[in-house]
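Asks: got a sequence here, can you model it:
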Amino acid sequence: MSTPSLNDLIELGAVSEAQGLQGQVKVRPHSSEPVALLSSKAVWLSLVQRRGAGVSASVEQASLTQYKVKSAKMHSGNVVMALEGVSDRDQALALKGARILVARDAFPKADSDSYYWVDLIGCQANNEQGEALGTVIDVTEHGAHGVIVIGDIVTNAIKQLVPFVKEVVKNVDLENKTITLDWQSDW
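Replies: Numbering: from 1, shown residues only. Okay, here's the model as predicted:
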């Protein structure tokens, strides 16, 4: 299998530490519900390597390596993973700081009324009156619910923060990349 582009992979977390003596890694997930991370059969690790001596001579280069997942489970808010080929604590520690990436097509199918946030980014947001509000440039967690960030996709300038709740979000059409909201441009 050829190495995919970073644009084809979704970052789901980062290795924060080794776990135990058998080579397991502790992953700090980016989501409070890391379903895709827990169900992945394979992950890509992106580890930044520094080359050269001194501050001015060092060059950062990211290496991308695929690992088969032997097991993954939740433990104290982290995901503990056993990766094929990582069999002791020293090997696990060498992966500290690596970003964990998964191919989008490896995600489990979402329920009919659920969405992966990454799929919402790039959708055109319109209100029920047909007025274009902007493009979804990010989705974040703010306590009780998600918040979609609507703005300009080119400049990343934020126009509005809109709660991602059923009272506001009237329709999500991922096929046509549109979201209809009960929202006004001047709110």
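Asks: mind listing the strands for the chain?
Replies: With strands called from DSSP state E, the chain shows them at 9-19, 24-29, 42-51, 59-75, 78-83, 99-103, 124-127, 132-142, 145-151, 158-164, 169-173, 178-181.
Asks: so which of these gets nearest residue 92?
Replies: Among the strands of the chain, strand 9-19 comes nearest to residue 92, with 3.6 Å by CB to CB. Where C-beta positions appear, they are placed from N, C-alpha and C, glycine not excepted.
Asks: angle of the closest one against strand 42-51?
Replies: 80 degrees (axes from the mean of the first three to the mean of the last three CA atoms, to 10 degrees).
Asks: tell me what strand 9-19 is packed against?
Replies: Counting contacts by 3 or more CB pairs under 8 Å, 6 or more residues apart in numbering; DSSP states H and E, strand 9-19 packs against strand 24-29, helix 35-39, strand 42-51, strand 78-83, helix 89-93, strand 99-103.
Asks: between these, which gets the lowest average pLDDT?
Replies: Mean pLDDT is lowest for strand 42-51 among those, at a mean of 80.
Asks: picking that back up, may I see the helices and strands packed on strand 9-19 arranged in TSV, with mean neighbour count and distance to residue 67 as well?
Replies: Converted to TSV, the helices and strands packed on strand 9-19 look like this (neighbours: other CB atoms under 10 Å; distance: least, CB to CB, whole Å):
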stretch	mean neighbour count	distance to residue 67
strand 24-29	22	9
helix 35-39	18	13
strand 42-51	16	6
strand 78-83	22	4
helix 89-93	16	11
strand 99-103	22	9
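Asks: can you redo the ones you listed as JSON lines with distance to residue 69?
Replies: Converted to JSON lines, the helices and strands packed on strand 9-19 look like this (distance: least, CB to CB, whole Å):
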{"stretch": "strand 24-29", "distance to residue 69": "10"}
{"stretch": "helix 35-39", "distance to residue 69": "9"}
{"stretch": "strand 42-51", "distance to residue 69": "6"}
{"stretch": "strand 78-83", "distance to residue 69": "6"}
{"stretch": "helix 89-93", "distance to residue 69": "14"}
{"stretch": "strand 99-103", "distance to residue 69": "10"}
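Asks: looking at those, which is closest to residue 157?
Replies: Among those, the nearest to residue 157 by CB to CB is strand 99-103 (26.4 Å).
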